[in-house]
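Fold the following, please.
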Amino acid sequence: MNISPLRRKFIQIAAFGFTNFNIGNFATGKLYQGSWKQFCAPGLNCYSCPAAGFACPIGALQAVIGDMNFKFSFYVIGFLMAFGVVFGRFICGFLCPFGLFQEIISRIPLPKFRLPFWAKYIKYFILAIFVVMLPITLSLTTGVGDPAFCKYICPAGILEGGFPLIATIPALRTALGWLFNWKLTILFGVMAACLFVHRFFCKVLCPLGAIYGFFNKISPCGIKLDKPSCVKCGKCAKVCPMDVDPSVKPDSMECIRCGKCVNVCPTKALDLQFYRKYAKIGSKIS
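Numbering: from 1, shown residues only. Alright, predicted model coming up:
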């Protein structure tokens, strides 16, 4: 399947609107607390965003991990696994609001650079330490878990939640301290990095992308490579925003299924499919 950049952008904007359907709340600073908030959005979207209609999957995961009674919610894990198995990192490329924000910044015409290969492993460290270990450790030692990633790192929180709430609730402005300044620094740092590195946050810092990446190899949604048709021209690797070479590793954990490689392939050796694994299993059975 060939998805044009314009069509993908339309899907991203539609996904943002669906995830944040309470646009009117931006004017009041009121958070939506309806029944839909018990469900998680597939992409990274702050719970404290006034327009958010769903919970943040990473925030929800930290909440249940840091519960002092360890009443672990298999709903959150089940949600992440279900979306991961079905879509993999297609969610990053099409359904994540913060991914759309990064792409808009990257459109500014400045030179783009590739990061060293080890940079992609930082997000797995963040997943292990800030999303899992710190909430558990603090719950064991103090009795109260701490959503460390949301509190100390996540730039989407201050962009989608912090700024709108401060703008509409004057009392919050007097309570700003070092933590707000720290998160503001991270947000501006990520924005600056996105000027020179495509989707910097996705590559280096996002624990949600790290989780979905584990499922890329088994998801029916992904890039299929027809090796006999590939002429090794390198065009696919050149346009990949995640620094993946689809002609070598179409199932890479970094691939966000954006389809850019498919669009530039001169021999149509690459294809974005939503059934590739099922088709392969079916052919083996027959």
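
going forward, measure contacts and count neighbours with C-alpha atoms only.
OK.

hmm, who's touching whichever helix in the chain runs longest?
Criterion DSSP state H: the longest helix present in the chain is helix 178-196. With Cα atoms under 8 Å, 6 or more residues apart in numbering as the test, helix 178-196 has contacts from 102-103, 105-108, 110-113, 152-156, 158-159, 200-201.

can you give me the helices in the stretch 1-150 of the chain?
Taking DSSP state H, counting those that start in this stretch as the criterion, the stretch 1-150 of the chain contains helices spanning 5-19, 57-65, 74-87, 90-94, 97-106, 122-126, 134-142, 148-152.

Using CSV, lay out these together with distance to Tyr32.
Listed next are the helices of the stretch 1-150 of the chain as CSV, based on distance: least, Cα to Cα, whole Å:
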stretch, distance to Tyr32
helix 5-19, 12
helix 57-65, 16
helix 74-87, 20
helix 90-94, 23
helix 97-106, 18
helix 122-126, 29
helix 134-142, 26
helix 148-152, 19
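
what's the most buried one of the ones you listed?
Highest mean neighbour count of these: helix 90-94, a mean of 25 (counted as mean count of other Cα atoms under 10 Å).

Give me the spatial nearest neighbour of Phe83, chain neighbours excluded.
Pro42 (7.2 Å; Cα to Cα, 6 or more residues apart in numbering).

so what's that neighbour up against?
Neighbours of Pro42 in contact, by Cα under 8 Å, 6+ apart: Pro57, Leu80, Phe83, Ile91, Leu95, Cys96.

Pipe those residues into a markdown table and attach pLDDT per row.
Supplementary listing: the contacts of Pro42 in a markdown table, determined by pLDDT from 0 to 100:
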| residue | pLDDT |
| --- | --- |
| Pro57 | 93 |
| Leu80 | 92 |
| Phe83 | 95 |
| Ile91 | 97 |
| Leu95 | 97 |
| Cys96 | 97 |
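
Against Gln38, how distant is Ala52?
Going from Ala52 to Gln38 by Cα to Cα, to the nearest Å gives 12 Å.

quick one: low-confidence ranges for the stretch 1-150 of the chain?
67-73, 143-144 (pLDDT under 70).

now with 80?
Within the stretch 1-150 of the chain, the ranges that satisfy pLDDT under 80 run 1, 66-75, 139-140, 142-145.

circling back to that earlier point, need the buried ones from the contacts of helix 178-196 selected in PyMOL.
Here is the PyMOL selection string for the buried members of the contacts of helix 178-196, based on 16 or more other Cα atoms under 10 Å:
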select buried, resi 102+103+105+106+153+154+155+156+158+159+200+201
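
in stretch 263-278, what's buried?
Of the residues in stretch 263-278, those buried (16+ other Cα under 10 Å) are Asn263, Val264, Cys265, Ala269, Leu270, Asp271, Leu272, Gln273, Phe274, Arg276, Lys277.

Let's see that stretch as PDB, backbone CA atoms only.
Extracted as PDB, the C-alpha positions of stretch 263-278 are listed here (Å, rounded to 0.1, in the frame of the first residue of the first chain):
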ATOM      1  CA  ASN A 263       7.000   6.000  -1.800                       C
ATOM      2  CA  VAL A 264      10.600   6.500  -3.100                       C
ATOM      3  CA  CYS A 265      11.400   2.900  -4.000                       C
ATOM      4  CA  PRO A 266      12.000   2.900  -7.800                       C
ATOM      5  CA  THR A 267      11.300  -0.900  -8.200                       C
ATOM      6  CA  LYS A 268       8.400  -1.200  -5.800                       C
ATOM      7  CA  ALA A 269      10.400  -3.700  -3.700                       C
ATOM      8  CA  LEU A 270       8.900  -2.200  -0.500                       C
ATOM      9  CA  ASP A 271       5.300  -2.300   0.500                       C
ATOM     10  CA  LEU A 272       3.400  -1.100   3.600                       C
ATOM     11  CA  GLN A 273       1.000  -4.000   4.400                       C
ATOM     12  CA  PHE A 274      -1.600  -4.500   7.100                       C
ATOM     13  CA  TYR A 275      -1.700  -8.300   6.800                       C
ATOM     14  CA  ARG A 276       1.800  -9.400   6.000                       C
ATOM     15  CA  LYS A 277       2.200 -11.900   8.800                       C
ATOM     16  CA  TYR A 278      -1.200 -13.400   8.400                       C
END
